[in-house]
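Asker: Structural data only, the sequence is not supplied:
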């Protein structure tokens, strides 16, 4: 894998993300890249389900929000340091996903998608009623937790680099899975699940495994994100808009591709940044996401990468 | 004991309306195997129509059912041509995404125009008393109307040419094409009827409870549960499923805080889906 050019392309992307805002201490650019990192991480991991295995997950935000809650709660109520809280969030959410997954992945197609909507609503209702997590008013953590990093300003940089690292890990994970036997099995499930099962792909196990894996990094990013804002509440943590945007990004970039999803996330973030600052469009963010998704689904189902592949066939050998 | 009976009756009344809210969803699902994710937005469209006409023109809420029905029908036909027609023969994921996209557009425009304020339409219909419990008039009237609409839909599906053709298309699209049924037109009509049912149920629900632009989601989810319980495309089944859900809500309310009933419902939804993986569904698939 190290010999392939794509490996180094990912490394280059990570280096650029880490270096650009650090040069000249550009905080504004860092904040915009934080969002890009969140989008790339969420969309890449959603892509494992949506693009590879062909299972639509409307509830990918659950992993992000639950990870945020577990991390913030451990820091707040049990005074854990950040790193073990993050790991606890990642492993805890993955374990939950495995349990959920073994159940709901017996469903196929439509019914799986519906069950994921049910899970989002159920988990959000749970967080709103669970008193250790502050119910609907959420949890605030005091700025004192940033002390071990040498102050709030330094802590924000540490968190940023950690988020870039998680983003890089997501890209390598997507790439690694795609070029493995496991990934081939998933792609086969996406094409035709019955045929895959007959050819010896252990479909229930693979599906549960990919659901579980796709929960780990979003949970860690969620932990970092909400630790950074030092505040978490159910309506932010389980914001369905973010789930939706992750789906739009996957379709925009080209489901099942690693480059496309990352590129789509970056473009979408830029577009969104522009729309939010423009007074005319600020209220129509969801509408524009919807129109974009509709156009892609109707006319360009293979997304940006489909276009690039058909235009420049040679890129298929380099860009996964 | 009287309290228990009262909560059961209340559950039945609310459940009939849930059944009506689910009917459009289950009709489209049964006829063309498409899950219409704009259903919630269409319910809200019915509610907003009620608010606009009742507050601007001072019309009686029950008169607004007619424009709601007609508007919903045409909205549904437009929805078919925009989002569903091109999806025939593509993977099921695609029709989910396309209807989801239309839903985003509708909800986005709604929140941009009205925000997430709470709307309430006052309706005065005399209620019915049982001991110290009173059942509000609008609930009784809505439940009766829901039952009437369900029976009407049943007769439409079983005793009119269009309805029979719709069931034929649900059963086997190719075969119905062979015997000369204009399947495309019928699919468009089915979506129209399904969406009209959604807007009408929205208008009725608007007379019972306060609502926001985002209320549609919870009725859509209840619609999924009702469909799972009651089977596909079967209006009477939807009513039965709705009543089951309403009675469940009524029965658990004395024991758990109201905010937990949502968690219980969604847990039930996921469990029913898992416990009958395909069982409940396949038996009825294509057989309206």
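Answerer: Perfect, thanks for sending it. Everything quoted here is computed from the prediction, not taken from an experiment.

Asker: rest of the way, CA atoms for contacts and neighbours
Answerer: Noted.

Asker: Relative to chain B, how far out is residue A:39?
Answerer: The gap separating residue A:39 from chain B is 19 Å, by C-alpha to the nearest C-alpha, to the nearest Å.

Asker: That residue reaches residue A:265, doesn't it?
Answerer: Yes. Counting by C-alpha atoms under 8 Å, residue A:265 is a contact partner of residue A:39 at 5.5 Å.

Asker: Show me which of those two is the more surrounded one.
Answerer: Between residue A:39 and residue A:265, residue A:265 has the larger neighbour count (other C-alpha atoms under 10 Å in any protein chain shown), namely 29 against 26.

Asker: Make sure the more buried one is actually in contact with residue A:249.
Answerer: Yes. Using C-alpha under 8 Å, residue A:265 is in contact with residue A:249, at 5.5 Å.

Asker: Which neighbours do the two have in common?
Answerer: Here residue A:265 and residue A:249 share the contacting residues residue A:43, scored by C-alpha atoms under 8 Å, 6 or more residues apart in numbering or on different chains.

Asker: Below-threshold pLDDT in chain A: ranges please.
Answerer: Residues of chain A meeting the criterion pLDDT under 70: A:1.

Asker: got a list of what the spatially most central residue of it touches?
Answerer: Among the residues of chain A, residue A:42 comes closest to the average C-alpha position under C-alpha atoms, centre = their mean, at 1.0 Å. Contacts for residue A:42 (C-alpha under 8 Å, 6+ apart) come out as A:60, A:64, A:218, A:246.

Asker: Could I get the buried residue list for the lengthiest helix in chain B?
Answerer: Ordering each helix of chain B by length in residues (DSSP state H) puts helix B:2-32 first. Residues of helix B:2-32 classed as buried: B:6-32 (neighbour count, 16 or more other C-alpha atoms under 10 Å in any protein chain shown).

Asker: Kindly report the same for stretch B:62-73.
Answerer: With burial defined by 16+ other C-alpha under 10 Å, the residues of stretch B:62-73 counted as buried are B:62, B:64-65, B:67-73.

Asker: Keep only those of the residues you listed that are in helices.
Answerer: Among the buried residues of stretch B:62-73, DSSP H puts B:65, B:67-73 in helices.

Asker: Which member of those residues is positioned nearest residue A:121?
Answerer: Taking C-alpha to C-alpha as the measure, residue A:121 lies nearest residue B:72 of these, at 27.0 Å.

Asker: which ones are touching the closest residue to the closest one other than its chain neighbours?
Answerer: Using C-alpha to C-alpha, 6 or more residues apart in numbering or on different chains and skipping the chain neighbours, the partner closest in space to residue B:72 is residue B:196 (3.9 Å). Residues in contact with residue B:196 (C-alpha under 8 Å, 6+ apart) are B:24, B:68-73, B:75-76.

Asker: likewise residue A:29?
Answerer: Residues near residue A:29 by C-alpha under 8 Å, 6+ apart: residue A:21.

Asker: To which secondary structure element is it assigned?
Answerer: Using DSSP states H and E, residue A:29 sits in helix A:27-47.

Asker: right, is whichever helix or strand comes after that helix up against chain B?
Answerer: Reading on from helix A:27-47 to the C-terminus, the next helix or strand found by DSSP H and E is helix A:61-78. No. Helix A:61-78 lies apart from chain B when judged by C-alpha under 8 Å from any C-alpha of the partner chain; the minimum separation is 14.5 Å.

Asker: so what's residue A:226 closest to, chain neighbours aside?
Answerer: In space, and not counting its chain neighbours, residue A:226 is closest to residue A:68: 5.6 Å by C-alpha to C-alpha, 6+ apart.

Asker: what's the spacing between residue B:124 and residue B:137?
Answerer: Separation of residue B:124 from residue B:137 (C-alpha to C-alpha, to the nearest Å): 8 Å.

Asker: Between these two, which has more neighbouring residues?
Answerer: residue B:137 (17 against 11).

Asker: for the nearest residue to the more buried one once chain neighbours are set aside, what are its contacts?
Answerer: Nearest residue to residue B:137, sequence neighbours excluded (C-alpha to C-alpha, 6+ apart): residue B:127, at 3.9 Å. With contact taken as C-alpha under 8 Å, 6+ apart, residue B:127 is in contact with B:134-138, B:140.

Asker: ChimeraX command to pick out the buried ones of those?
Answerer: Entered in ChimeraX, the line below selects the buried ones among the contacts of residue B:127, by 16+ other C-alpha under 10 Å:
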select /B:135,136,137,138,140
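
Asker: Adding pLDDT, secondary structure and distance to residue A:156, write the contacts of residue B:127 out as JSON lines.
Answerer: Listed next are the contacts of residue B:127 as JSON lines, based on pLDDT from 0 to 100; DSSP: H, G, I helix; E, B strand; the rest coil; distance: C-alpha to C-alpha, whole Å:
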{"residue": "B:134", "pLDDT": "76", "secondary structure": "strand", "distance to residue A:156": "58"}
{"residue": "B:135", "pLDDT": "78", "secondary structure": "strand", "distance to residue A:156": "57"}
{"residue": "B:136", "pLDDT": "81", "secondary structure": "coil", "distance to residue A:156": "56"}
{"residue": "B:137", "pLDDT": "82", "secondary structure": "helix", "distance to residue A:156": "58"}
{"residue": "B:138", "pLDDT": "85", "secondary structure": "helix", "distance to residue A:156": "56"}
{"residue": "B:140", "pLDDT": "87", "secondary structure": "helix", "distance to residue A:156": "58"}
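
Asker: Among the contacts of residue B:127, which one sits closest to residue B:252?
Answerer: Residue B:252 lies nearest to residue B:135 out of those, by C-alpha to C-alpha, at 18.6 Å.

Asker: Stretch B:126-141 spans what distance, first to last residue?
Answerer: With C-alpha to C-alpha as the measure, stretch B:126-141 spans 10 Å from end to end.

Asker: In the stretch 101-250 of chain A, which residue sits nearest chain B?
Answerer: Residue nearest to chain B within the stretch 101-250 of chain A: residue A:122 (4.8 Å; C-alpha to the nearest C-alpha).

Asker: Pull the contacting residues for that residue.
Answerer: Counting by C-alpha under 8 Å, 6+ apart, residue A:122 has contacts B:262-264, B:266-267.

Asker: What parts of the stretch 101-250 of chain A come near chain B?
Answerer: Within the stretch 101-250 of chain A, the positions near chain B by C-alpha under 8 Å from any C-alpha are A:103-104, A:106-107, A:109-111, A:114-115, A:118-119, A:121-123, A:125-126, A:129.

Asker: Let me see the ranges of the helices in the stretch 101-250 of chain A.
Answerer: Along the stretch 101-250 of chain A, the stretches classed as helices by DSSP state H, counting those that start in this stretch are A:109-129, A:152-178, A:181-191, A:193-198, A:203-229, A:234-237, A:240-253.

Asker: buried stuff in the second one?
Answerer: Spelled out, it's helix A:152-178. Residues A:152, A:155-157, A:159-175, A:177-178 are the ones in helix A:152-178 that count as buried (16+ other C-alpha under 10 Å).
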